[in-house]
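**Q** return atomic coordinates for the entry below.
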Amino acid sequence: MTIPGFPIASLEDLRQLYPPVLERARLKTQIRLDKHCRAFIEKSPFLTLSTQGPEGADVTPRGDAPGFVHILDDSTIAIPDWRGNNRLDSLTNVLSNPHVGLLFFIPGIIETLRVNGDAIITAAPEVVHRWSVNNSHPATALIVTIHEAFLHCGKALIRSRLWHDDYKAPMPLYGQMLKDQIDVPDTAAEMQASIEDAYKNKLY
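**A** This is a model prediction of the structure:
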């Protein structure tokens, strides 16, 4: 694909295309969790986790009941790693590069909370046993030391109408999409049944 024009390669050229940063946007970064950041995390059932490793960048979802991210103190949080697909993309990246970015969502709230920091992986029982569902515990947890946290305005969620029904769209079943993408002997129906069983019986 031919990309028209020249890539923007300097901060000076980039900044010329945008207005100056609003003072409130520049000043809003917190180095510790204040009462509003804490409340946002405590009420959030969903976040995205961004990591960077030797193979490149990765973003994965993390979710559970509000409060599933535990606030250990004003600069440290703990995130459980419940059952997933066992690819371990994010955790593998953290082993080589501890820098992580988090984006917290609360359903119905158009603003989000951004948190950046350094993560370590722990399997210490006194940490992973903080979460217990049906006598199950996460295999590991991420301990994130926060370097900055700030609330992000709602323009993206307003434009996307994320909490409305406007852009809901039908998609093929997950099992069918996987069957179309990978060469395995299982039928789409068998794959879908396995997926639904995992959703029902293997969340924790």
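**Q** list the buried ones in stretch 172-186?
**A** By 16 or more other CB atoms under 10 Å, the buried positions in stretch 172-186 come out as 175, 178-179. To be clear about C-beta, it is placed using only N, CA and C from the backbone, and glycine gets the same treatment.
**Q** now, which of those residues sits nearest residue 65?
**A** residue 175 (26.8 Å; CB to CB).
**Q** am I right that the closest one falls within a helix?
**A** Yes. Per DSSP: H, G, I helix; E, B strand; the rest coil, residue 175 lies within a helix segment.
**Q** out of the buried residues of stretch 172-186, who's nearest residue 201?
**A** residue 175 (16.2 Å).
**Q** which residue is the nearest non-sequential neighbour of that closest one?
**A** Nearest residue to residue 175, sequence neighbours excluded (CB to CB, 6 or more residues apart in numbering): residue 192, at 2.9 Å.
**Q** what sits against residue 89?
**A** 51, 53, 58, 60 (CB atoms under 8 Å, 6 or more residues apart in numbering).
**Q** mind redoing it with 7 Å?
**A** For residue 89, the contacting residues are 58, 60, by CB atoms under 7 Å, 6 or more residues apart in numbering.
**Q** what are the phi and psi values at it?
**A** phi -60, psi -50 (degrees, to the nearest 10).
**Q** same deal with residue 117?
**A** The phi/psi pair for residue 117 (degrees, to the nearest 10) is phi -180, psi -160.
**Q** does residue 77 count as helix, strand or coil?
**A** Residue 77 - assigned by three-state DSSP - is strand.
**Q** how many other residues sit next to the spatially closest residue to it that is not a sequence neighbour?
**A** Spatial nearest neighbour of residue 77, excluding adjacent residues (CB to CB, 6+ apart): residue 144 at 5.1 Å. Residue 144 has 24 neighbours, counted by other CB atoms under 10 Å.
**Q** looking at the chain, which helix or strand does the model trust least?
**A** Lowest by mean pLDDT, DSSP states H and E among the helices and strands of the chain is helix 23-27, with a mean of 91.
**Q** in space, not sequence, find me the middle residue of the chain.
**A** By CA atoms, centre = their mean, the chain has its centre lying nearest to residue 48, at 1.0 Å.
**Q** what sits against that residue?
**A** Residue 48 is in contact with 59, 61, 103, counting by CB under 7 Å, 6+ apart.
**Q** kindly report the same for residue 116.
**A** Counted by CB under 7 Å, 6+ apart, residue 116 has contacts 101, 147-148.
**Q** change it to 8 Å
**A** The contact partners of residue 116, by CB under 8 Å, 6+ apart, come to 99-102, 146-149.
**Q** roughly how far apart are it and residue 153?
**A** Distance of residue 116 to residue 153, computed by CB to CB, to the nearest Å: 17 Å.
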